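Asks: structure of the sequence below:
(one chain, ligands or ions: 2)
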Amino acid sequence: MANLFEIHGLKSEIEGKEILKGFSLSIQGGQVHAIMGPNGTGKSTLASSIMGHPKYEVTGGEVYLEGEDVLEMDVDERARAGLFLAMQYPSEITGVTNADFLRSAINARRGEGSEISLIKFVRLMESKMRELEMNPEFMHRYLNEGFSGGEKKRNEILQMMMLEPKLAILDEIDSGLDIDALKIVAAGVNAMRHTERSFLIITHYQRLLNYIKPDFVHVMMQGRIVKSGGPELAERLEAEGYDWVKEELGIVDETVSQA
Ligand code: ADP
Ligand code: MG
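Replies: Numbers count the residues shown, from 1 in each chain. Ligands and ions are numbered 1, 2, ... in the order given. Below is the predicted model:
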């Protein structure tokens, strides 16, 4: 079976400092992969580099979505091709309502001539907001402005549900969520699981993975995957922390900080 998403030897720099140091991963359609790792190991840099964030300079490697060369695409094209990132720290945008933002994003993804009608859009947004137990007023609030941490995270998942990406990358979507909100968000993600959609779930803690069952778990250190396994790996990390991985692999400093 062909891979839905592939990364080979990805290297990426920020302000001249190399963060990703040869990151490789293949994901088949329908699979959920979790990336776990301590802070400062390059997880968010991976997400931003895949999406084409201008601050990150990719200096090597290859990225393919359904065989298409992602690194050749500009940022808009990547979203249109079906890549989505739920950000660890979503930005606030004054003057643009949540509904305006999402409608533009959906229409950009659909392309000219296939725009969603206003009435269909409103119905879709209302139904997804109900699923996520979001207050309807969030439709007309400015994007993320004054949202609590948990509200921002729910709003990221709302975007994902409406944009129906092929690969959804969720960067620490669990941070700032209490257990009830976590269950709602996980149910939203699980409802999106599909043989032709894949997920890359970045998380610090195993807790989220109790609700979204991953097929594979990878540990990231020093800007690359250092260990892979199944859900049992996440359980061991939860119980024992990351030190045993470092000892096993002879890693002293797991971060990407270079002396
Ligand atoms: P993680 O998400 O695993 O915590 P990040 O990818 O956010 O790790 O960061 C990895 C390293 O890259 C950090 O040590 C940080 O110093 C550096 N870094 C990330 N973003 C920036 C930035 N915008 N400017 C400078 N350094 C950055
Ligand atoms: Mg991060």
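Asks: can I assume Met51 is in contact with Ala86?
Replies: No: between Met51 and Ala86 there is no contact, the gap being 10.8 Å when judged by Cβ atoms under 8 Å. Just so you know, the C-beta spots here come from the backbone N, C-alpha and C atoms, and that holds for glycine as well.
Asks: higher neighbour count, those two?
Replies: More crowded of Met51 and Ala86, by other Cβ atoms under 10 Å: Ala86, with 25 against 17.
Asks: can you pull the contacts of the closest residue in space to Asp74 that isn't next to it in sequence?
Replies: Among residues not flanking Asp74 along the chain, Gly52 sits closest, at 6.8 Å (Cβ to Cβ, 6 or more residues apart in numbering). Listed by Cβ atoms under 8 Å, 6 or more residues apart in numbering, the contact set of Gly52 reads 70, 73-75, 78.
Asks: would you map the strands across the stretch 151-259 of the chain?
Replies: Ranges of strands in the stretch 151-259 of the chain, per DSSP state E, counting those that start in this stretch, are 167-171, 198-203, 216-221, 224-229.
Asks: what lines up beside the third one in the sheet?
Replies: Spelled out, that is strand 216-221. Here strand 216-221 is paired, per DSSP bridges, with strand 32-36 (parallel), strand 224-229 (antiparallel).
Asks: is ligand 1 contacted by the longest one?
Replies: It stands for strand 224-229. No: using Cβ under 6 Å from any ligand atom, strand 224-229 never reaches ligand 1; the gap is at least 11.7 Å.
Asks: what does the shortest one give?
Replies: No: using Cβ under 6 Å from any ligand atom, strand 32-36 stays clear of ligand 1, coming no nearer than 8.9 Å.
Asks: just checking, next helix/strand downstream of that strand?
Replies: Moving toward the C-terminus from strand 32-36, the next helix or strand (DSSP states H and E) is helix 43-51.
Asks: that next one vs strand 32-36, what angle?
Replies: Interaxial angle of helix 43-51 relative to strand 32-36 (axes from the mean of the first three to the mean of the last three Cα atoms, to 10 degrees): 140 degrees.
Asks: what strand or helix carries Val96?
Replies: strand 93-97.
Asks: ok, that strand: who's next to it in the sheet?
Replies: By DSSP bridges, strand 93-97 pairs with strand 142-143 (antiparallel).
Asks: ok, and what's touching the partner strand?
Replies: 91-98, 101, 155.
Asks: what do you get if the cut-off is 7 Å, keeping everything else the same?
Replies: Surrounding strand 142-143, the residues in contact under the criterion Cβ atoms under 7 Å, 6 or more residues apart in numbering are 92-98, 101.
Asks: near ligand 2, which residues of the stretch 51-200 of the chain are found?
Replies: Taking Cβ under 5 Å from the ion as the measure of proximity, the stretch 51-200 of the chain contacts ligand 2 at Gln88.
Asks: the stretch 51-200 of the chain: helices as residue ranges?
Replies: Remark: helices assigned in the stretch 51-200 of the chain by DSSP state H, counting those that start in this stretch are 75-81, 98-110, 118-131, 149-163, 179-192.
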